[in-house]
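# just to be clear, the model below is a prediction. Sequence and coordinates:
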Amino acid sequence: MAARKTTKQRTSGTKTGRAPKGLLIHIGAPKTGSTALQNFLLTNEAPLAAKGICFLASGRTNISHNNLFNPLRGPDAAAIWSDIADEAASHPESLSIMSSENFFSPTIAASVAQHMPESLRKTTRFIAYVRRQDAYLEALYKQKTKNGREHSLPLEFVKKHVEIGNYQTVLDAFADTVGDENVILRRFERSAMKGGDVVADFLGCLGLDAADSSFVQPVHEANQSLSRAVTEQMGALARHSRLNVRELAREMMRDPANAAPRRSGDVFTKDQRLEIMALFEASNAELARRYLKDDSSPFFDLQDLAPDMPDRYPDPEEEIALYAEAQEKVAAAIGRITRRNPAKLFRG
C-alpha cells in the first residue's frame with residue numbers, strides 16, 4: 001500500500017492569536033477525546049476568555065452540554081436555542097463554544113434548522129472529529145459489552161451497528177443546514193492532528209497555541225482501552241447478576257498495581273478490519289471530497305492494514321492469557337469491594 005499523502009484540512013482559525021467571532025459547536029463524534037477537550041475548556045475558562053473564547057454556560061452541566069441532547073429534540077428546543085443566542089450575544093466580541101459528543105446526530109442538525117434563531121445560525125459553525133471506523137466499532141463494542149447491553153460476537157455487532165460508522169449521514173445533515181464551509185471535519189488520528197492531540201488540534205483550528213503559558217496544561221495519560229476479555233466478563237456479570245459494574249470498573253482503576261488488563265486491537269483481526277473499512281470506502285471518499293476538498297488519497301491512514309504489516313490481534317496464547325488475567329483481576333476487585341464496603345457491590 002502506497003504511503004499516504006498528507007491532506008491539508010480546513011480550519012476555522014486566524015493567525016492573530018485571537019479566535020474568530022460567532023458560535024462554534026463541537027459535536028464529537030463519540031470516542032474521539034471529547035472529555036479531554038471539555039476538561040481543558042472548563043479548566044481554562046479565564047485564559048480562554050482573555051483570548052476571545054467563551055465556553056457557554058447555557059445548558060452546560062459541568063464540562064459539557066450533553067444534557068441538552070434530548071431537550072433540543074423536544075418542545076422546548078426553540079426556547080433553549082433562544083437562551084443560547086442571548087448568552088452568545090452578551091459576548092459579541094468573543095467566539096462562543098458549546099461541546100457535546102451527543103450532538104453527533106442528524107436530529108440535532110434538524111433542531112438547528114427548525115429552531116435556532118436565524119441570526120445565530122448565520123454565524124454558527126460545527127466541528128467534528130471522526131475516528132477510523134474499525135477502531136470506533138471496537139471501542140463501542142467494548143463499551144456496550146462492559147455495560148451488559150451487548151453480547152453479540154464482534155462481527156454480529158458490526159452488522160447490527162454498521163450505520164453508526166457512516167459519518168457522511170450526520171455531517172451532511174449539518175452541512176445542508178449551515179453550508180459545507182461551516183462544517184469543520186478533523187480526523188482523530190495522531191498523524192492528522194496538530195501536535196498529535198485533540199486539544200492542541202482544536203486550539204490550532206482557532207489560531208491558538210496549546211503550549212501557551214497562560215493555559216493550564218492537561219495531564220496526558222495513556223488511553224489504551226480495557227481488554228476485550230475484561231469487558232466481556234464484566235458484561236456477563238452485569239447481565240446475570242445485580243453486580244454494580246460501574247463500581248467494579250472504578251475499583252480496577254483505583255490502584256494501578258491491581259489495574260484491569262488493557263489491550264487494543266483485540267476485537268477484530270486484520271482481515272476483519274479490512275472488511276470493515278471496505279464497507280465505508282465510498283462514504284469516506286465522499287467525506288474527503290466534500291469536506292477536505294481532496295480526492296487523491298484515502299480519508300484515513302490505512303498503512304497498518306497493508307499486506308506486509310503484522311496483525312495486532314492477539315495470538316492464541318496471548319488471548320488465553322488475557323482471559324485468565326481478566327478473570328483474576330475481576331475476582332480480586334470484587335473481593336476488595338466486599339471487604340471494604342459490601343453495600344457498593346450490588347446495584348440498587
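Perfect, thanks for sending it. Not measured: the values here are computed from a predicted model.

# longest single helix anywhere in this structure?
Using DSSP state H to assign secondary structure, the helix with the most residues in the chain is helix 316-340.

# that one packs against which elements?
Contacting helix 316-340 under the criterion 3 or more C-beta pairs under 8 Å, 6 or more residues apart in numbering; DSSP states H and E are the following elements: helix 228-240, helix 245-254. All C-beta atoms are positioned from the backbone trio N, CA, C, and that covers glycine.

# now it: average pLDDT?
Average pLDDT, helix 316-340: 94.

# which of the helices and strands packed on helix 316-340 sits most buried?
Of all these, helix 228-240 carries the top mean neighbour count, a mean of 21, counting by mean count of other C-beta atoms under 10 Å.

# and for that helix, what's in contact with it?
Residues outside helix 228-240 that contact it (C-beta atoms under 8 Å, 6 or more residues apart in numbering): 141-143, 145-151, 243, 245, 248-249, 252, 260-261, 263, 266-267, 319, 322-323, 325-327, 329-330.

# among the residues you listed, name the buried ones.
Among those, those classed as buried by 16 or more other C-beta atoms under 10 Å are 141-143, 145-148, 150, 243, 245, 248-249, 252, 260-261, 263, 266-267, 319, 322-323, 325-326, 329-330.

# tell me how far residue 23 lies from residue 292.
According to C-beta to C-beta, to the nearest Å, residue 23 and residue 292 sit 23 Å apart.

# correction: residue 21
Where residue 292 is concerned, residue 21 sits at a distance of 25 Å (C-beta to C-beta).

# ok, these two, which is more surrounded?
Neighbour count, other C-beta atoms under 10 Å: between residue 21 and residue 292, residue 292 has more, with 18 against 15.

# phi first, then psi, for that one.
When read as degrees, to the nearest 10, the backbone of residue 292 gives phi -110, psi 0.

# so what's the residue count around residue 22?
Residue 22: 16 neighbours (other C-beta under 10 Å).

# the residue lying closest to residue 43 once chain neighbours are set aside: what secondary structure?
Nearest non-adjacent residue to residue 43, counting by C-beta to C-beta, 6 or more residues apart in numbering: residue 216, 4.9 Å away. Of the three states, residue 216 takes coil according to DSSP: H, G, I helix; E, B strand; the rest coil.

# just residue 141 next, same as before
Classification of residue 141 using three-state DSSP returns helix.

# and the gap between it and residue 314?
15 Å.

# may I see the buried residues of stretch 296-311?
Neighbour-count burial for stretch 296-311 [16+ other C-beta under 10 Å]: 297, 298, 299, 300, 301, 302, 305.

# how about the last one, phi and psi?
Backbone torsions for residue 305, taken as degrees, to the nearest 10, come to phi -100, psi 10.

# helices or strands up against the helix or strand where residue 111 lies?
Assigning secondary structure by DSSP states H and E places residue 111 in helix 106-115. When contacts are defined as 3+ C-beta pairs under 8 Å, 6+ apart, helix 106-115 packs onto helix 77-89, helix 167-178.

# name the residues that touch the longest one?
Contact partners of helix 77-89, identified using C-beta under 8 Å, 6+ apart, comprise 23, 54, 56-59, 68, 71-72, 96, 98, 111-112, 114-117, 119-120.

# so after it, what's the next helix or strand?
On the C-terminal side of helix 77-89, the closest following helix or strand by DSSP H and E is strand 95-99.

# that next one to helix 77-89, inter-axis angle?
140 degrees (axes from the mean of the first three to the mean of the last three C-alpha atoms, to 10 degrees).

# mind listing what's buried along stretch 90-106?
Neighbour-count burial for stretch 90-106 flags 94, 95, 96, 97, 98, 99, 100, 101, 102, 103, 104, 105 (criterion: 16+ other C-beta under 10 Å).

# where does this protein have low pLDDT?
For the chain, applying pLDDT under 70 flags the ranges 1-20, 220-224.

# enumerate every residue touching residue 110.
Applying C-beta under 8 Å, 6+ apart, the residues near residue 110 are 73, 173, 177.

# pick the one among those residues closest to residue 338.
Using C-beta to C-beta, residue 73 comes nearest to residue 338 of the contacts of residue 110, at 42.2 Å.

# now do the same contact list for the closest one.
Counting by C-beta under 8 Å, 6+ apart, residue 73 touches 107, 108, 110, 111.

# in three-state terms, label residue 75 for me.
With three-state DSSP as the criterion, residue 75 reads coil.

# so it versus residue 114, what's the distance?
12 Å.

# give me the contact list for the biggest strand by length in the chain.
Looking across the chain with DSSP state E, the single longest strand is strand 124-130. Outside strand 124-130, the residues within contact range by C-beta under 8 Å, 6+ apart are 12, 22-29, 32-34, 104, 112, 116, 136, 167, 170-171, 174, 178, 182-188, 198, 201-202, 205, 287.
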